[in-house]
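K.L.:
Fold the stuff below for me.
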Amino acid sequence: MTENLRFLPDWASPPGDTIVDLLDERGLSQPEFAQRLGRALSFVNQLVAGQVAITLEIAKGLEGILGVPASFWIHRECSTRDRESRRCKP
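P.N.:
Got it, this is the predicted structure:
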């Protein structure tokens, strides 16, 4: 008998954590990152804090600046939001 098992972790690392790590690795400040992304520093602060969602447009910008594929950012965003929604269910 075959069981259909799905891996559903109860955790996910927010995309903002990875953004901060990659900025540090590349020696980029958040103000410089905001300028390259074409966004206000306040937007970048919200992005890193997970207060704004990573859209396809933002994911493409992250790809161009940080060198990580847009699909990675979209997947991380979806995983994080999915985890949050499951955690909030009664």
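
K.L.:
residues near S42, how many?
P.N.:
9 (other Cβ atoms under 10 Å). C-betas here are computed from N, CA, C, even on glycine.

K.L.:
so what secondary structure elements neighbour the longest helix belonging to the chain?
P.N.:
Ranked by residue count, the top helix of the chain under DSSP state H comes out as helix 70-88. For helix 70-88, the elements it packs on are helix 15-26, helix 56-66, judged by 3 or more Cβ pairs under 8 Å, 6 or more residues apart in numbering; DSSP states H and E.

K.L.:
make it 6 Å
P.N.:
helix 56-66 (3 or more Cβ pairs under 6 Å, 6 or more residues apart in numbering; DSSP states H and E).

K.L.:
Of all the residues in the helix it packs on, which ones are buried?
P.N.:
58-59, 61-62, 65-66 (16 or more other Cβ atoms under 10 Å).

K.L.:
Check stretch 33-45 too.
P.N.:
33-34, 37, 39, 44.
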